[in-house]
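Student: everything below, folded, please.
(one chain, ligands or ions: 2)
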Amino acid sequence: MPHPTVSIADLSRHLDQTVSLQGWVEALRSSGKVAFLLLRDGTGSCQCVIEARTEPAFTAVAGLHQEGSLRLTGRARPDDRAPGGVEIAVETIEVVQSAEGYPIARKAHGVDFLLQHRHLWLRSARQTAIARIRHTVISAIRGYFDDLGFTLVDTPILAPGAAEGAGTLFTVDYFGEPVYLAQTGQLYLEAAAQALGKVYCFGPTFRAEKSKTRRHLAEFWMVEPEVAWADLPDLEALAEGLICRVVERVLGGHRADLDRLGRDPAPLEAIRAPFPRVTYTEAVEILRSPETRATLEAEQARDLAAVEALRKEIAGLDSQLGQATKAWKQEKLGQEIQAAQERLRELEMAVENRPGHMEDAAAFAWGRDLGGDEETILSRRFDRPLVITRYPKAAKAFYMKSDPENPRVALNLDILAPEGYGEIVGGSVREDDLAALEARMAEEGMDPAPYQWYLDLRRYGSVPHGGFGLGVERTVAWICGLRHIRETIAFPRFMGRLYP
Ligand code: ATP
Ligand code: MN
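Tutor: Ligands and ions are numbered 1, 2, ... in the order given. The predicted model follows:
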């Protein structure tokens, strides 16, 4: 009778049984007497030991290379030193494909090389950890809205017009007519909210962002709730609850993945309601304040010291490399030098840009939209996500309702993730008055003809309502502690990247 095929994650339930595993070679080393094969099957990794006397398995394993695929049988035995506490004493091996010359070696590669080999890079321990966390982020989002009685409504991806600004649209040929890939489902969701009350859409979103930043992709996933009868505090609470739920689920199920990413969980454990709330006007005061200047000066001093230390470290590693004779030692030192140089470049850039950021922050003019640099400064000042409300109306989209107490500002909110990550949520109360909306559209020079259906929502049973969008990739980047959002999605799309 064949042995049961089990997954590595379940191995501890099969101790002292003979089982079959199937997977790929994560690492392989061999002395003349014994071979150690680290097998990866997507659920985990497991050490498999092949003794020289176990033939033909011992000969078969010699024909395998990194990422070779195989099936094996062996006895699962407890071993304190093995990752997961179980190791396999191999009895038979069936090589499925030997995988000679896998391009991603276990040494350091530059990010361009890795992106060009993204289809293979996805297999690495780091990338699979990110993929699993992303999965949990998405399922936590859906669970949150489903538990609150929201109905999922899918909105069109082919859209006739721009909701957020025409500069960032991708054009598609729609039976001979130019249309655009959707930047948001919001306008359609407003219609659905009047039908169902509480709704959300969750889909791909397209923006032709021409700048290469750490937080912009051309294709990303966004969840957008829209709620009839909601006012601004309702939206703040809804978003706050969502972020708390997502962080809680990741902490609850992904300690090992966070650890693999080198992500300190402590800042995530601090994410609890209530989040700090400031108005845009208060945020501008914070930017211009002496405390912000002092914080930035302290950051500059710290980074300058770190630059000094890194340069010394690199010089030390360089001289060790000059004396190293063993190939493995040279390779190890080479990797360390490369990693240190990458950190050095980043720090040097931060040091170079900071004086400009300090000047911009000190002179920040009321009325400007907060940009990435300002968001970074603000979100570093708090250890929880920061809710910023009431931006200048003129900087915001036509559909946002103005504050009845101060018509110069909109009833909107952005939420900035802490640790410098910046905006992950943007939303608002929508203008529900027909005349006010028409006036605003006229001011913006918009043709009302294509928006008649949207204006109908104000003609027939208009109610106060609002919603927001939360970007999945930025949320995952923050939770995983990644510098760049390109690693948060399996096949990232951004300017200059379309392969694979
Ligand atoms: P930003 O000003 O940071 O470019 P935005 O204000 O244009 O973003 P919104 O229209 O408010 O973004 O979109 C809602 C959310 O979608 C943002 O808070 C963010 O999480 C996400 N998002 C927006 N643009 C991008 C992008 N290009 N790549 C990844 N996520 C994005
Ligand atoms: Mn926004």
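Student: please enumerate the strands of the stretch 151-300 of the chain.
Tutor: 151-152, 158-159, 171-174, 177-181, 198-206, 219-228, 277-279 (DSSP state E, counting those that start in this stretch).
Student: what do you get for the stretch 351-500 of the chain?
Tutor: For the stretch 351-500 of the chain, the strands defined by DSSP E, counting those that start in this stretch occupy 386-389, 402-403, 406-410, 412-417, 422-429, 465-471.
Student: who in this protein is up against ligand 1?
Tutor: 164, 207, 209, 216-217, 220, 222, 423-426, 469-471, 473-474 (CB under 6 Å from any ligand atom). To be clear about C-beta, it is placed using only N, CA and C from the backbone, and glycine gets the same treatment.
Student: can we see that at 8 Å?
Tutor: Where the chain comes near ligand 1, counting by CB under 8 Å from any ligand atom, the residues are 164, 168, 183-184, 205, 207, 209, 215-218, 220, 222, 369, 371-372, 375, 414-415, 422-427, 468-475, 485.
Student: are any of the residues you listed buried, and which?
Tutor: Among the residues of the chain next to ligand 1, those buried by neighbour count (16 or more other CB atoms under 10 Å) are 168, 183-184, 205, 207, 209, 215-218, 220, 222, 375, 414-415, 422-427, 468-475, 485.
Student: wait, Asp264 sits on Ile479?
Tutor: No: look at Asp264 against Ile479 with CB atoms under 8 Å: they stay out of range, at 11.7 Å.
Student: circling back: which one, of the strands of the stretch 151-300 of the chain, ends up nearest to Ser30?
Tutor: strand 219-228 (43.4 Å; CB to CB).
Student: packing partners of that closest one?
Tutor: helix 125-147, helix 186-196, strand 198-206, helix 232-253, strand 465-471, helix 472-480 (3 or more CB pairs under 8 Å, 6 or more residues apart in numbering; DSSP states H and E).
Student: tell me the buried residues in stretch 44-55?
Tutor: 44-50, 54.
Student: between those, which is nearest Val250?
Tutor: Ranked by distance to Val250 (CB to CB), the buried residues of stretch 44-55 are led by Gly44 at 18.1 Å.
Student: now that closest one: phi and psi?
Tutor: phi 170, psi -170 (degrees, to the nearest 10).
Student: separation between it and ligand 1?
Tutor: For Gly44, the distance to ligand 1 equals 30 Å [CB to the nearest ligand atom, to the nearest Å].
Student: and that residue, what does it touch?
Tutor: With contact set as CB atoms under 8 Å, 6 or more residues apart in numbering, Gly44 has these partners: 7-9, 11, 84.
Student: the residue of the chain positioned farthest from its centre and Val90, how far apart?
Tutor: What lies farthest from the middle of the chain is Arg53; by CA atoms, centre = their mean that is 47.7 Å. Going from Arg53 to Val90 by CB to CB, to the nearest Å gives 12 Å.
Student: quick check: pLDDT value at Ala166.
Tutor: At Ala166, the pLDDT value in this model is 62.
Student: and what of Ala105?
Tutor: Looking at Ala105, its pLDDT stands at 79.
Student: confirm that it sits in a helix.
Tutor: No: checked against DSSP: H, G, I helix; E, B strand; the rest coil, Ala105 lies outside a helix; its state is coil.
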